[in-house]
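Chemist: Structure for this input, please:
(chains A and B)
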Amino acid sequence: MPDTSSNSTAVLIPQVSVPPISLRRRVTDRAMTAVAILTVVLVLLPLFAIFAYLVYKGIGSINLAFLTQTPKPVGEAGGGMANAIVGSMVILAIASVLGVPFGIGAGIFLSEYGRNRYGDIVRFVSDVLNGVPSIVVGIVAYGLVVMRQKHFSALAGGVALAIMMVPTIARTTEQMLLLVPQAIREAAYGLGVSRWRTTLSITLRTATSGVITGVMLAFARVAGETAPLLFTAFGNQFWNWRTDQPTAALSLQIFTYAISPFDEWHRQAWAGALVLIILIVGAVAAVRIAVRHGTLAGA
Amino acid sequence: MSNQALPRPRFNAPEPERGPKAALKIETRTTPLLQGRVSEIPDAVFGWVMRLCGLAVVALLGLIVYQLIVGSELSWHAFGWKFFWHSDWNPVEDQYGALPFMFGTIVSSLLALVIAVPLSLGVAVFTTEMCPINLRGMLSFTTELLAAIPSVVYGLWAIFVLVPLLREYVQPFLAHTLGWTGLFSGPPYGIGMLAAGVILAIMIIPIISSITREVLTVVPQHQREAVLALGATRWEMIRMGVLRNARAGIVGAIILGLGRALGETMAVTMVIGNRPEIAKSLFAPGYTMASVLANEFTEATGDLYLSALIEIGLALFFVTIVVNALARLLVWSVTRGQPARSLA
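Modeler: Numbering: from 1, shown residues only, chains lettered A, B, ... in the order given. I've put the predicted structure just below:
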């Protein structure tokens, strides 16, 4: 603390004395550091446990039959999830076709037209929509599609997943577009390029890799969803190529097999889980690599 | 903002040569650089299509509310508010009360928070304040990896690894040491409220910790420096300079985690036991709002049965909407309008 007692001197020199840090405070400091490290270990432990167990159980169960055959009836060994793998892809394709354009459009609205109160409302609503439980989205798709068509379908599953994709894509697209410097837009305007053309060919194009990453995040998030598919896609034990019929999905099949009492099915559930994770990670990685090096790099 | 203020350029053919005649010979093009006039119409159309997309997001919310309200009308007229405090769920006699499910949802989510909050705060504090900078990226990547695992895979792991673990080791230990509280009594099945709480905790840790991390990084550096300059130890700096400043945001992160836990379906359905009972012991099986939907929706035979299920969905929807809206506002208040970048 500054020494103010001697008021006769002209220049006031503060004398600072730092008291030694007490043992109690030093021990608390060390203890809290240790506690923080401990929490990190405790959090990482289940992560490694899940991955290790998944790979350990899954690797042994994946074989050619699993990837090429449809499920066998209970009691018969063998069979696979080929129809579920294809079904998942069909449902995800429908979801992407429906959800991605709307999501990107909403993102463009938020960043280019929505820097005002209306934009704030949309921003808030999409954040809130992000938190709607997936099972509730399933109910909505059931009411929208299944009730009208009178039967479960891949389309209904796709609609449910699309509803979940839109808010995520909208928000990430917005953030990516906002990263594009204003000067680039102004340069385009200065060349006489119209606003819509600037937005699509300049702003969106500059942010392409970021936007695609956002789309892939949304994709990865819905790819493993089970709850909204339970009463929309419903599942199917056989091949189905029609989008208006009940369709198998990998995640549904994992669920059915996991809660069944049969060892053979448990084994296949692990294999299915491993395939599902590989598909998700593979899709995301493939698009990332394509964005970074490949054909989309200039885009 | 600045976009709209810009004058829209209009291009006709370039003006005839006007510049300094002396040195430079400027080539005059007879054809305009940009063909034709820039019309107002495509711009307006594009603007409105984008606005429609934005509106679609709001419409989506309206659609969800509409579907749920219309679907649950029958049950609402039959039971009214009674629906939420009656505990008998009997499809055979068409009597429906949602209390056991609400109880299960709340208890499992709170249990998850009790486990997850200290752990996620620890991870967030460690990654932002303590860990070496080259470890930081790896740590946050790994915790985000946890968020990428599908719920059904968590459930699968819980059935075959977590539940046996709880049954053989954790539950006997808890019953022995804390059995007197009544919270940990009864036969250790493994499956039950405790298993649901633990798996939920594992699932919401990435969300809480990543948003907390974002909130902590927003705390200005000079706050830390000010506290350190007063002679604080690192922990005191974190406690007084960082955590205290980020309070509202941290609460927001926790509530976002709660929102996720309330609506989580598959993993919980797989381990909670699915019995509509209200029991004091955490070892007992329970049922949540989301899992009753998952299990019974496709089997609902009567109209009233289906309607009652949709009403549970409606209640779940409203609770999560309120919880999420609250959390967003809290997180926004700290990150100042730059909404937290999250997948939650």
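Chemist: What segments of chain A are helices?
Modeler: A:23-59, A:64-68, A:82-108, A:117-130, A:134-141, A:147-149, A:154-179, A:182-190, A:195-197, A:204-206, A:208-223, A:250-258, A:263-292 (DSSP state H).
Chemist: Next, the buried residues of the second one.
Modeler: To tie it back to what came earlier, the one meant is helix A:64-68. For helix A:64-68, the neighbour count (16 or more other CB atoms under 10 Å in any protein chain shown) marks A:F66 as buried. From N, CA and C alone the C-beta is placed, and that goes for glycine too.
Chemist: which residues sit against that helix?
Modeler: A:78-82, A:85, A:268, A:271, A:275 (CB atoms under 8 Å, 6 or more residues apart in numbering or on different chains).
Chemist: right, so of the helices of chain A, which gets closest to B:I254?
Modeler: Of all these, helix A:23-59 sits nearest to B:I254, with 15.0 Å by CB to CB.
Chemist: picking that back up, give me the buried entries from the contacts of helix A:64-68.
Modeler: Looks like the contacts of helix A:64-68 have A:79-82, A:85, A:268, A:271, A:275 buried, using 16+ other CB under 10 Å.
Chemist: check contacts around the residue in the stretch 51-200 of chain B that chain A sits nearest to.
Modeler: Taking CB to the nearest CB, chain A has its nearest neighbour within the stretch 51-200 of chain B at B:P150, 2.3 Å off. By CB under 8 Å, 6+ apart, B:P150 lies in contact with A:223-226, A:251, A:273, A:276-277, A:280.
Chemist: Show the overlap between the residues you listed and what lies near chain B.
Modeler: A:223-226, A:251, A:273, A:276-277, A:280 (CB under 8 Å from any CB of the partner chain).
Chemist: quick revisit: any chance of JSON lines for the contacts of helix A:64-68, columns distance to B:A226?
Modeler: Formatted as JSON lines, the contacts of helix A:64-68 follow (distance: CB to CB, whole Å):
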{"residue": "A:G78", "distance to B:A226": "68"}
{"residue": "A:G79", "distance to B:A226": "66"}
{"residue": "A:G80", "distance to B:A226": "63"}
{"residue": "A:M81", "distance to B:A226": "59"}
{"residue": "A:A82", "distance to B:A226": "63"}
{"residue": "A:I85", "distance to B:A226": "57"}
{"residue": "A:Q268", "distance to B:A226": "59"}
{"residue": "A:A271", "distance to B:A226": "56"}
{"residue": "A:V275", "distance to B:A226": "53"}
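Chemist: Spatially nearest residue to residue 212 (excluding sequence neighbours)?
Modeler: All of this is about chain A. A:V291 (5.4 Å; CB to CB, 6 or more residues apart in numbering or on different chains).
Chemist: wrong one, chain B
Modeler: B:A124 (3.8 Å).
Chemist: so which helix or strand takes in that neighbour?
Modeler: helix B:99-125 (DSSP states H and E).
Chemist: how far off helix A:23-59 does that helix point, in degrees?
Modeler: 120 degrees (axes from the mean of the first three to the mean of the last three CA atoms, to 10 degrees).
Chemist: next SSE after helix B:99-125?
Modeler: Sequence order places helix B:133-148 as the next helix or strand after helix B:99-125, per DSSP H and E.
Chemist: Report the inter-axis angle for that next one versus helix B:99-125.
Modeler: 160 degrees.
Chemist: How about the helix or strand that helix B:133-148 is followed by, which residues are buried there?
Modeler: Of the helices and strands lying after helix B:133-148 in sequence (DSSP H and E), the nearest is helix B:151-157. Within helix B:151-157, the residues that count as buried by 16+ other CB under 10 Å are B:151-157.
Chemist: can you put those in JSON lines and add pLDDT?
Modeler: Formatted as JSON lines, the buried residues of helix B:151-157 follow (pLDDT from 0 to 100):
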{"residue": "B:S151", "pLDDT": "92"}
{"residue": "B:V152", "pLDDT": "94"}
{"residue": "B:V153", "pLDDT": "94"}
{"residue": "B:Y154", "pLDDT": "94"}
{"residue": "B:G155", "pLDDT": "94"}
{"residue": "B:L156", "pLDDT": "94"}
{"residue": "B:W157", "pLDDT": "94"}
